[in-house]
Every structure is written in structure tokens, then in C-alpha cells.
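> My questions are about this predicted structure, shown below with the sequence.
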Amino acid sequence: MAKDIAPSAELRKWFGHRTDRWDQFRTRYLRELDEHRDAAQPILEAVRRADVTLLYAARDDEHNNAVVLREWLLRNT
């Protein structure tokens with residue numbers, strides 16, 4: 001489940017945790033999530049039932065895929 005809603009390998013590699021690319025990464029990842037909404041359905045349902053914890057391995061707490069995923073989940077629940 002989580003693997004299916006992660007940013008694509010291409011997008012993740014392009015971003016490379018470069019904060020100067022953050023805005024474009026965020027836009028592109030939100031688009032990927034919209035395009036793969038069916039894969040995100042289980043986590044959307046989980047968010048509607050209870051709190052969900054998002055894990056990430058990035059050192060930057062403000063510029064990582066979990067921040068974007070949280071935004072998308074809140075927008076779609």
C-alpha cells in the first residue's frame with residue numbers, strides 16, 4: 001500500500017532533497033497522487049476512521065514526501 005503512493009522513483013531522484021526544487025516537487029507529487037487515487041484509497045479510508053502516522057526517512061522535516069502526502073490526504077478526506 002505505502003509503496004504505491006510514494007513519489008515515483010523518477011520524481012524522487014530528480015528532487016534529491018534540494019529545497020530549491022521543493023515547490024515543483026510538491027506540485028508534481030500532488031499530481032501523481034491525483035493520478036493514482038485508487039492506490040491511495042486504503043489510506044484515505046484509514047484516515048477517515050482514525051489517526052494515521054506517516055513515516056519518512058528524510059532529515060528535513062519540512063521538505064519531504066510525507067508533508068505533501070499529509071496535505072493531499074487532508075484535502076481528500
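Yep, that arrived.
> Arg12: what's it in contact with?
Residues in contact with Arg12 (Cβ atoms under 8 Å, 6 or more residues apart in numbering) are Ala6, Asn65. Any C-beta I mention is one placed from the backbone N, CA and C, and that applies to glycine too.
> The nearest residue to Val68 once chain neighbours are set aside: neighbour count?
Nearest non-adjacent residue to Val68, counting by Cβ to Cβ, 6 or more residues apart in numbering: Tyr29, 4.8 Å away. Applying other Cβ atoms under 10 Å, we find 23 residues neighbouring Tyr29.
> any idea how far Tyr29 lies from Ala50?
As for Tyr29, its distance to Ala50 is 24 Å (criterion: Cβ to Cβ, to the nearest Å).
> Next SSE downstream of the helix or strand that the residue nearest to Val68 is a member of?
In the assignment (DSSP states H and E), Tyr29 maps to helix 22-35. As assigned by DSSP H and E, the chain's next helix or strand after helix 22-35 is helix 37-49.
> contacting residues for the spatially closest residue to Ala40 that is not a sequence neighbour?
Excluding the flanking residues, the one nearest Ala40 by Cβ to Cβ, 6+ apart is Ile5, at 4.7 Å. With contacts defined as Cβ under 8 Å, 6+ apart, Ile5 is in contact with Leu33, His36, Ala39, Ala40, Ile43, Leu69.
> The residues you listed into a markdown table, with extra columns for pLDDT and distance to Gln24?
Below are these laid out as a markdown table (pLDDT from 0 to 100; distance: Cβ to Cβ, whole Å):
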| residue | pLDDT | distance to Gln24 |
| --- | --- | --- |
| Leu33 | 97 | 15 |
| His36 | 92 | 19 |
| Ala39 | 93 | 22 |
| Ala40 | 92 | 21 |
| Ile43 | 93 | 24 |
| Leu69 | 97 | 17 |
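> returning to what we had before: how far off centre is the helix holding Tyr29?
8 Å (Cα atoms, centre = their mean, to the nearest Å).
> now stretch 45-55
14 Å.
> What residues sit buried inside it?
Val47 (16 or more other Cβ atoms under 10 Å).
> what are the C-alpha coordinates of that stretch, in CSV please?
What follows is stretch 45-55 as a C-alpha-only set of coordinates in CSV (Å, rounded to 0.1, in the frame of the first residue of the first chain):
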residue,chain,number,x,y,z
GLU,A,45,-10.2,5.1,4.3
ALA,A,46,-7.9,4.7,7.2
VAL,A,47,-7.6,8.4,7.7
ARG,A,48,-11.4,8.7,7.8
ARG,A,49,-11.5,6.1,10.6
ALA,A,50,-8.6,7.1,12.9
ASP,A,51,-5.3,8.9,13.2
VAL,A,52,-2.7,7.7,10.8
THR,A,53,1.1,8.1,11.3
LEU,A,54,3.2,8.9,8.2
LEU,A,55,6.8,7.9,8.3
